[in-house]
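Asker: Show me how the following folds:
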Amino acid sequence: MRKLIFVTALLLGTAAAHAQLPGLRKRGPAQSQKQPILQGIDALRADFGAQSGGTTIYFGAESVGLTVPARTILSAQAAWLRRHPEVVVRIEGYGDSGDTRDHALAVGARRAEEARSYLVLLGVPAAQLSATSWGKERPGLGRAVTVLVR
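Answerer: Below you'll find the predicted structure:
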């Protein structure tokens, strides 16, 4: 008798495991891991960041000189920009958070212009680049320059 109950339970369990509620589809690995398809400017921004090693370069405190890692990233950005002459970028400079507003704007402008000049030196057309300073108006990016695809 025990054997009959065990076999019946086993068969019912197997059938229940294969049963599916109406209206539901089985999920495969392709459906659960779909990546959004980027198009237009979003695709260009993603490609720019991936191919150039990032969009942000950092400076030392009170420094406007480009560091070796900054030059490496800017070189990769220049190569990408030369391959995409239709893309216009904005270079945003940021000041140090401890500075006065005016001094931070001036330092941010000098950092942005330093990055812009280096990109022009590497062969990127000047018309493809614009530079602006946020000073310390946008917190969180102190001592940095961000190159944004527009």
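Asker: contacting residues around residue 106?
Answerer: With contacts defined as C-beta atoms under 8 Å, 6 or more residues apart in numbering, residue 106 is in contact with 95, 133, 135. C-betas here are computed from N, CA, C, even on glycine.
Asker: which phi and psi does the last one have?
Answerer: Phi and psi for residue 135, reported as degrees, to the nearest 10, are phi 60, psi -120.
Asker: where does it land on pLDDT?
Answerer: At residue 135, the pLDDT value in this model is 76.
Asker: next SSE after the helix or strand of the chain with the lowest mean pLDDT?
Answerer: In the chain, no helix or strand scores lower on mean pLDDT, DSSP states H and E than helix 29-32, which sits at a mean of 52. Next in sequence after helix 29-32, counting helices and strands by DSSP states H and E, comes helix 40-52.
Asker: May I see the buried residues of that following helix?
Answerer: Neighbour counts over helix 40-52 (16 or more other C-beta atoms under 10 Å) mark 44, 45, 48, 49, 52 as buried.
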